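>>> Using only what follows, build the 3D model:
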Amino acid sequence: MSPVSQPRRSFLANASVAVAASLPGCSLMSPAAASIIKAAPYVTGGDPLAELIAEYRAQVACFNARAKDEDWDTLLAATYGPPLERLWHNPPEPTTAAGVAAGIRLAMAEPELYAVPQILAACLRHLERGNAS
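Numbering: from 1, shown residues only. Next comes the predicted model:
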């Protein structure tokens, strides 16, 4: 069984789609569903790593919503490609426990993601500096 509960997983998926709805070129959400994002301030929460992960997830939702109608390479470059590249090559160090948690949650949800070692290294640097709060 996954360590993330099904209601929480559904909430996170819906929040990601709500974020995607607010992105240019990705209108796929009703106003009622888009309100989910306002109920979850921790999705972006001011932490640079948490914000980048939220952007990545929103762009993945946008990609998935548009993938059947568009060229995948072009769509990748226009959606989740840039945030994924940043997560892989230069993830920001989290500044809060929420950012560390976002990094760990992404690693648990997508362990095969090639950016996971860099994300976890950024989280570890934050913790090793004594920034556990």
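>>> Tell me the confidence at residue 130?
The model reports residue 130 with a pLDDT of 80.
>>> next one: residue 26
pLDDT, read off for residue 26, is 63.
>>> again with the one 10 residues further on
According to the model's per-residue confidence, residue 36 sits at a pLDDT of 41.
>>> just residue 19 next, same as before
52.
>>> try residue 70
89.
>>> Could you give the number of residues near it?
13 (other C-beta atoms under 10 Å). Where you see a C-beta, it was placed from the backbone N, CA and C, and this is true even at glycine.
>>> How about the backbone phi and psi for it?
Backbone torsions for residue 70, taken as degrees, to the nearest 10, come to phi -140, psi 160.
>>> now residue 81: how far from residue 64?
The gap separating residue 81 from residue 64 is 14 Å, by C-beta to C-beta, to the nearest Å.
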